[in-house]
Each structure stands twice: as C-alpha cells, then as structure tokens.
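A.B. asks: Provided below are the primary sequence and the corresponding predicted coordinates.
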Amino acid sequence: MTKFKNLIILSPLAYVLHHIEEHLIFNFRDWRLTYFQDNNSLSTEEVLVRLLVVLLIFIFVHSVRKNKGSAHVLLYFLMTTQVVNVFFHIFFSLYFLDFSPGAITGILFYLPINYLIFKAALNEGFLNNTKEIAFIFVLGAGTFALFEYIGPVVMQISFLLSITYYFFSTKYIHSN
C-alpha cells in the first residue's frame, strides 16, 4: 500500500469524509458566509460531485498512462483541493478564533494521506525533488485563492489548463 498507484485511491475517500464533516456534521457554508463574500452559487453537493469526478478522471488517467504528466496533474489537483484546503481551515480557524468545519478531517486525513502520496511520488520518480513539490504548492495555493476570490469559473479554467499541461508535458517536457 506504499506505492503511489495504491495511495492515490485513498484521496477520494478522504474527500468524502471531509465533505461529511463540512456539510453533514457541521455547516461550513454558514461559517464561510460569516467571513467571506458569497461568490459560489453552486450547491455543496454539486461541488462535491464535480471535484470527485475530476479527481477520479485524473486517477484513472494516471492508472492507464503512469507517466510524470499524469502524476503532476493529479498531484496539482490534490495539492489544491486537499493540502491547501487544510491550511485554509487551520489558518482561518486561528485568525477568526472560530472553528472552521473541515479542519478535523483535513488534519486527520488530508495531511497524512497526501504526505504519503507525495512521498511515494518522489520515491517512484514522478517528482524529481522537493522543489517540484514547493512549485506545485504555490500553484495550488494560487488556484485555491482565486477560487475563493472569483468563484467556480476557476474550476473550469484549472481543469482545462491541467489537460493542456498534460498533453504539453508528455510531448515536450517528459517525452522519452
């Protein structure tokens, strides 16, 4: 279970558990609207389905292609939607002194699972070094911030750019 291909399967499960905490146990949307603008007209269920579908597509593509391009796209998606998400919950819980629903599953599931995923990606050569992880973190943080500021259109743009990166990288960057 320490292989990248096996560990990535845990990420959709972690996302579902995170969603349960945010929207069935607590009410993240009400918490968010207390402190941030309402720029997301999508229901939480629609966001859940969209993100799960994209995540499962990226996992499927990687399970078939097994190359750096497919791994990078998947790692970028996980960094944006899970790792940066944890830091959002932790930071704003402390900043507002008000528990952000999602922080518990973020700490208990997102961080350890993604640590193992990124470690496996390094060990198996899908990432060359920790600088690549830092770069993916910066891209993920930027994407997450744009989503919070602009709204759901960032999801579509990010998805299209991820597909573009995949084809470009497999042809020009990571071609053998």
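C.D. replies: Nice, thanks for sending it over. Numbers count the residues shown, from 1 in each chain.

A.B. asks: remind me which residues of this structure are low pLDDT?
C.D. replies: Applying pLDDT under 70 to the chain picks out residues 176.

A.B. asks: contacts for stretch 162-170, please.
C.D. replies: Residues outside stretch 162-170 that contact it (C-beta atoms under 8 Å, 6 or more residues apart in numbering): 58, 61, 65, 67-70, 72-73, 76-77. No exception for glycine: its C-beta is placed from N, CA and C like everyone else's.

A.B. asks: which among these end up buried?
C.D. replies: When those are checked for burial by 16 or more other C-beta atoms under 10 Å, the buried set is 58, 61, 67-70, 72-73, 76-77.

A.B. asks: of all the residues you listed, which two lie farthest apart?
C.D. replies: Greatest spacing in the buried ones among the contacts of stretch 162-170, by C-beta to C-beta: 67 and 77 (15.8 Å).

A.B. asks: tell me where the chain has helices.
C.D. replies: For the chain, the helices defined by DSSP state H occupy 4-7, 10-19, 28-35, 44-65, 68-78, 84-96, 103-105, 111-123, 130-150, 153-168.

A.B. asks: need the contact list for the residue nearest to residue 80 when sequence neighbours are not counted.
C.D. replies: Closest residue to residue 80 apart from its sequence neighbours, by C-beta to C-beta, 6 or more residues apart in numbering: residue 140 at 3.8 Å. Applying C-beta under 8 Å, 6+ apart to residue 140 gives the contacts 76, 79-80, 83-84.

A.B. asks: and for residue 25?
C.D. replies: Residue 25 touches residue 101, counting by C-beta under 8 Å, 6+ apart.

A.B. asks: how close does it sit to residue 160?
C.D. replies: With distances taken as C-beta to C-beta, to the nearest Å, residue 25 is found 34 Å from residue 160.
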